[in-house]
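1. have a look; sequence and predicted model below, questions after that.
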4 protein chains.
Amino acid sequence: MTQTLSFIGLGAMGYRMAAHLPKNFTQVLVWNRTSNKAQAHAKQYGTQVATLEEAVQADIIFSCLPTSADVEALIKTLSIKSGAIWVDCTSGVPESAKKLKIELQEKGVSYLDAPVSGQTIGAENATLTFMVGGDPTAFKQALPAMQVLGKLIKHVGDSGSGFAVKAVNNMLMAVHLCAACEGASTLKSHGVNLQEAFECINASSGQSTVTSAVLPQRIFNRSFPDTFALSLLAKDTGIALDLVQSAKLSAPVIAASQSLIQAASNLVEHQSDFSNVAKMYEMFNKVTIE
Amino acid sequence: MTQTLSFIGLGAMGYRMAAHLPKNFTQVLVWNRTSNKAQAHAKQYGTQVATLEEAVQADIIFSCLPTSADVEALIKTLSIKSGAIWVDCTSGVPESAKKLKIELQEKGVSYLDAPVSGQTIGAENATLTFMVGGDPTAFKQALPAMQVLGKLIKHVGDSGSGFAVKAVNNMLMAVHLCAACEGASTLKSHGVNLQEAFECINASSGQSTVTSAVLPQRIFNRSFPDTFALSLLAKDTGIALDLVQSAKLSAPVIAASQSLIQAASNLVEHQSDFSNVAKMYEMFNKVTIE
Amino acid sequence: MTQTLSFIGLGAMGYRMAAHLPKNFTQVLVWNRTSNKAQAHAKQYGTQVATLEEAVQADIIFSCLPTSADVEALIKTLSIKSGAIWVDCTSGVPESAKKLKIELQEKGVSYLDAPVSGQTIGAENATLTFMVGGDPTAFKQALPAMQVLGKLIKHVGDSGSGFAVKAVNNMLMAVHLCAACEGASTLKSHGVNLQEAFECINASSGQSTVTSAVLPQRIFNRSFPDTFALSLLAKDTGIALDLVQSAKLSAPVIAASQSLIQAASNLVEHQSDFSNVAKMYEMFNKVTIE
Amino acid sequence: MTQTLSFIGLGAMGYRMAAHLPKNFTQVLVWNRTSNKAQAHAKQYGTQVATLEEAVQADIIFSCLPTSADVEALIKTLSIKSGAIWVDCTSGVPESAKKLKIELQEKGVSYLDAPVSGQTIGAENATLTFMVGGDPTAFKQALPAMQVLGKLIKHVGDSGSGFAVKAVNNMLMAVHLCAACEGASTLKSHGVNLQEAFECINASSGQSTVTSAVLPQRIFNRSFPDTFALSLLAKDTGIALDLVQSAKLSAPVIAASQSLIQAASNLVEHQSDFSNVAKMYEMFNKVTIE
């Protein structure tokens, strides 16, 4: 393709995502705060190390940073090429997306909030899901580049909608995680075999990705692998509850679960994997979930 | 097979389940409170109408009644054949299973709590899931008969364990339903396209059988088909919370959700489908979930 | 006293509050959006009708408006006298107080967030409680004027602290209201005499102003007098939950209760008295709380 | 008075209660599992040490034991005098009261569930509150004896009603405690002075016995005096939630709070004072409530 691309932020997700782009695009610039990561990436995948100023001269600019605050801080300092499309893959704040869309529009730049799901394994296999908010025309223009990285790419609404869907997705996951830990503790306390029980549940109406993947792969086997930090889940659920609040809605199950995730991120080591929510319940109930 | 079978209770589930048994078993007796249903079943599927007294002389006795109280009331009046195995497919109360196991044991009868999931479609296609509690030897003896009706058949623990797993499964489903309605209302309020949003969520960590099946097939399309009554879901979640209580556990998300299902069964017509929980949220938030 | 005073906003609270000021202060200007109310006030209590521009030339300017947004909109249009102290009795938003404090500081004006509790009866009897945030020196200067209107006047911290205390107070009241309705429904369902029961509770550790005043005076007697609208309680509890969220705290009981108040304000007529939360519970439980 | 009395169970409450009875009654028998306590009581207050068999020959038999299970176990072994009235001051289970009432009725004995509130200080000063369930005639006959011990003595309904009111009272207190800890943490996080803030709240609609007594006397001053164990509060709130469940009610705030108290009794030392719930919140939020 003739579009020029750049990728800003080569963390666990970004590093793997940017790796696929050279397959379909001739010029792929990469930038990272610590530049040796960018150099390693260029060597390994055929991308080109760029300064931040060079990176924002590309047609499509991907960013994948920890928070919306990081993206805002970066954009403030930059002269982005007019006509460029900024595809922000951060799990960010809807309000920030609306603000950035307007600010960048004034400079002739389109901003898409385009968070992804699928974790590092999805980034590696280019099977991510993109949930995208913003201008439909910009979405179409950025679609070929996103298709290199993901399998399901959806335009879900105006600016902020992408971030909103990601926040609600993670909030649902958090609710399911709390419920699964509570249900498993209950069954365990009554002497039920958890493995067999959840095989039944996973074939029934109570199934969730938490019961079919998180419980067996992270909790029952006591592995708690560090892939997605509890503190980030707390942040995302906070964004979801802010959406509930700003629309003046009643969402008691979401609200209570958000508080529990928040508590877990203080009770358990907050940089540890989100599956450690199980350990909070183990403290609550003196029952091991295995 | 040479075992003789009987099936007590030809409701929406039982009628369809009993229909498969004559394929593998020579003698299948059926009994129903209103006998014309039994007669229709015999004519349609080659089962035999029996009195209750005859039915409990079979080697394997299935029951599928509304509540544990119904099963207890029935058993009190009967002289069951010594050596028989009673397979109770009711969504019942764990405490009742423990009691019946002991009572029937004294008469030489084995009692298995063996609730099923999969709804009428699963009963029709013989793809039900059985979660079974009770004596492992009795389980093995009843297994061939259960295998005619189901796909996944699991022994999950002592008496009461089967009912416990079913109650927790339905409780998890109830939590997921509340969370999905809350999440969908939030996205809708912020102008997000719900269909596209939940396609993304269903490919992500927030997926549940509720988000992938209940939302699109019952709620978004406003069909609310009457297959599983809200009042029965309220009953099942009540059983789950009783399990939490009797083990003195902390399960805040389950506890809050149970209260909401209970409220919904009074706010909305309680004999209507469980998916009508969505209508309670629509009253809470003045947002239509579609 | 030689300070000149003005009072902006003669609603149910403001009208009664401003009535006391002429007792201790020579010049008391009053302003109201609909001016005939101001004229009636002047005639009845010896205050002076003023234009908004005149009102903000006083030494101490009281405001008592529905929301912080109203106060901000008003202030934007005005040239307030340098050296004046603005005492904002609105039940407002802490963030707004912080912003107004800084904005007015630049013009030499002090801003105090000074919400009151005690309802119209407290305003009438000059027994209000003032919870005040802002500069301690300004607090001392405005104290004599506040003392004419209230009995307990406390400086609780920096700008925004007054609004925060008011929001948390109303949030606690909302939690107590939900709990009292739930507890009363439970006792009623079990055949307990509610009047006698709550006399005991009011002499015990479960007492709250809700159980000792709201239940008997508004709910048990089915009077539900319109003094404080459910929609305003929903607004105040929303402010409290925003404080929880912005500090990234875990407050599950507050969070769940806020959702229930929000639901009630949609389920029941939202302009009706806050005590109508009881009617939501009556719909939930089909039990009358009397 | 000519009635003969006995007091079974001289714990922290019972020891102080029984001390008042000799003032108005000639014969007061006392029994305690460890008899040296009974001997000390007799010496100190002029009561008479008795065997259990002697004690149940009195006209009015008070009991004050840890749980209903203890009372049931004791009663099973005894031949109580026909015509006697058993006044059970235990904080017990309503279902147990209904059962004991029927069992004792067959022996000509009246059973009153008569739990008290007011703590050890109320027992010492004879200012307890009695909430009594059972036969109204028996209530009248036992009233003079209860009046020696308490200030407010109320007949609240049939057997079990007294225990129900006590359980709901303690449940409300538990909700208020959670809410107060959450509210205080929120204000503290925003830099508000807690002492001043709660002086305002205690003069306003958000007041509860928790905010006016528990917060300042047990939590803010970090004294956490051991007077009422967290594990007993967990037990009582469990009884309250069982009442909610058995009546099939929706009580989301009670349900969520019960789970939190249950969690606290495992997270914090469960034999410590109930005010240690504050320490759970301090772990949740990393904010000290003082």
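-> Thanks, I have the structure now.
2. hey, what's A:V132 bridged with?
-> In this structure, A:V132 bridges to A:H155 when assessed by DSSP bridges.
3. for it, report the pLDDT, please.
-> The model reports A:V132 with a pLDDT of 98.
4. what residues does it make contact with?
-> Counting by Cβ atoms under 8 Å, 6 or more residues apart in numbering or on different chains, A:V132 makes contact with A:L112, A:D113, A:A114, A:F139, A:M146, A:I153, A:K154, A:H155, A:V156, A:S161, A:G162. For every residue, glycine as well, the C-beta is placed using N, CA and C.
5. give the buried residues for the worst-scoring helix or strand of chain A on mean pLDDT.
-> Least confident helix or strand, chain A: helix A:119-124 with a mean of 94, by mean pLDDT, DSSP states H and E. For helix A:119-124, the buried set under the neighbour-count rule, 16 or more other Cβ atoms under 10 Å in any protein chain shown, comprises A:Q119, A:G122, A:A123, A:E124.
6. identify the residues contacting A:G191.
-> Contact analysis of A:G191 by Cβ under 8 Å, 6+ apart lists B:G157, B:D158, B:S161.
7. if you set the cut-off to 6 Å instead, what comes out?
-> By Cβ atoms under 6 Å, 6 or more residues apart in numbering or on different chains, A:G191 lies in contact with B:G157.
8. what about the least confident helix or strand of chain A, distance to the chain center?
-> On the basis of Cα atoms, centre = their mean, to the nearest Å, helix A:119-124 sits 11 Å off its chain's mean C-alpha point.
9. stretch A:33-48 too?
-> Centre-to-centre, stretch A:33-48 and its host chain are 22 Å apart (Cα atoms, centre = their mean).
10. circling back: tell me the one of the buried residues of helix A:119-124 nearest B:Q105?
-> A:Q119 (50.1 Å; Cβ to Cβ).
11. from chain C, how far off is A:R33?
-> Separation of A:R33 from chain C (Cβ to the nearest Cβ, to the nearest Å): 25 Å.
12. state the three-state secondary structure for that residue.
-> Classification of A:R33 using DSSP: H, G, I helix; E, B strand; the rest coil returns coil.
13. give me the phi and psi angles of the nearest residue to it once chain neighbours are set aside.
-> Take A:R33 and drop its neighbours on the chain: the residue closest to it by Cβ to Cβ, 6 or more residues apart in numbering or on different chains is A:G9, 7.8 Å away. Backbone geometry at A:G9, expressed as degrees, to the nearest 10, gives phi 100, psi 100.
14. contacts only, for A:G9.
-> A:G9 touches A:S63, A:C64, A:L65, counting by Cβ under 6 Å, 6+ apart.
15. now for the second one: which residues touch it?
-> This points to A:C64. Taking Cβ under 6 Å, 6+ apart as the contact definition, A:C64 lies against A:G9, A:M13, A:G14, A:C89.
16. rewinding a little: filter the contacts of A:V132 down to the ones in strands?
-> The members of those that map onto strands under DSSP state E are A:L112, A:D113, A:I153, A:K154, A:H155, A:V156.
17. shouldn't A:K166 be in contact with A:V93?
-> No: A:K166 is beyond contact range of A:V93, at 10.5 Å (criterion: Cβ atoms under 6 Å).
18. out of those two, which sits in the more crowded spot?
-> For A:K166 versus A:V93, neighbours defined as other Cβ atoms under 10 Å in any protein chain shown are more numerous around A:K166 (33 against 25).
19. just give the nearest non-adjacent residue to that one, would you?
-> Excluding the flanking residues, the one nearest A:K166 by Cβ to Cβ, 6+ apart is A:P115, at 3.8 Å.
20. which residues touch the least confident helix or strand of chain A?
-> The contact list for helix A:119-124 (Cβ under 6 Å, 6+ apart) reads A:A12, A:M13, A:R16, A:M17, A:L128, A:T227.
21. ok, residues contacting the helix or strand hosting A:C200?
-> According to DSSP states H and E, A:C200 maps onto helix A:194-202. For helix A:194-202, contacts defined as Cβ under 6 Å, 6+ apart pick out A:A184, A:L187, A:K188, A:T211, A:S212, A:L215, B:T129, B:M131, B:K154, B:V156, B:V165, B:N169.
22. which pLDDT value goes with the first one?
-> Pointing back at A:A184 there. On pLDDT, A:A184 comes in at 98.
23. go on, A:T2?
-> A:T2 carries a pLDDT score of 88 in this model.
24. excluding chain neighbours, what is closest to it?
-> A:T26 (7.5 Å).
25. for the one you found, report the pLDDT, please.
-> 95.
26. give the helix, strand or coil label for it.
-> coil.
27. what number of residues lie near it?
-> By the measure other Cβ under 10 Å, the count of residues near A:T26 is 10.
28. tell me the phi and psi of it?
-> According to degrees, to the nearest 10, A:T26 has phi -70, psi -50.
29. how far away is it from chain B?
-> 30 Å.
30. most surrounded residue in the contacts of helix A:194-202?
-> Neighbour counts for the contacts of helix A:194-202 peak at B:V165, which has 35 neighbours (criterion: other Cβ under 10 Å).
31. not counting its neighbours along the chain, what's nearest that residue?
-> B:M131 (4.1 Å).
32. ok, A:I75 next?
-> A:L100 (6.5 Å).
33. neighbouring contacts of the host helix or strand of that neighbour?
-> With elements taken from DSSP H and E, the one containing A:L100 is helix A:94-105. The contact list for helix A:94-105 (Cβ under 6 Å, 6+ apart) reads A:S68, A:Y111, A:D113, A:S159, A:G160, A:F163, A:A164.
34. among those, which are in helices?
-> Members of the contacts of helix A:94-105 lying in helices (criterion: DSSP state H): A:S68, A:F163, A:A164.
35. write out the residues of the stretch 1-150 of chain A neighbouring chain B.
-> Proximity of the stretch 1-150 of chain A to chain B, by Cβ under 6 Å from any Cβ of the partner chain, involves residues A:S117, A:T129, A:M131.
36. right, I'll call it a day here.
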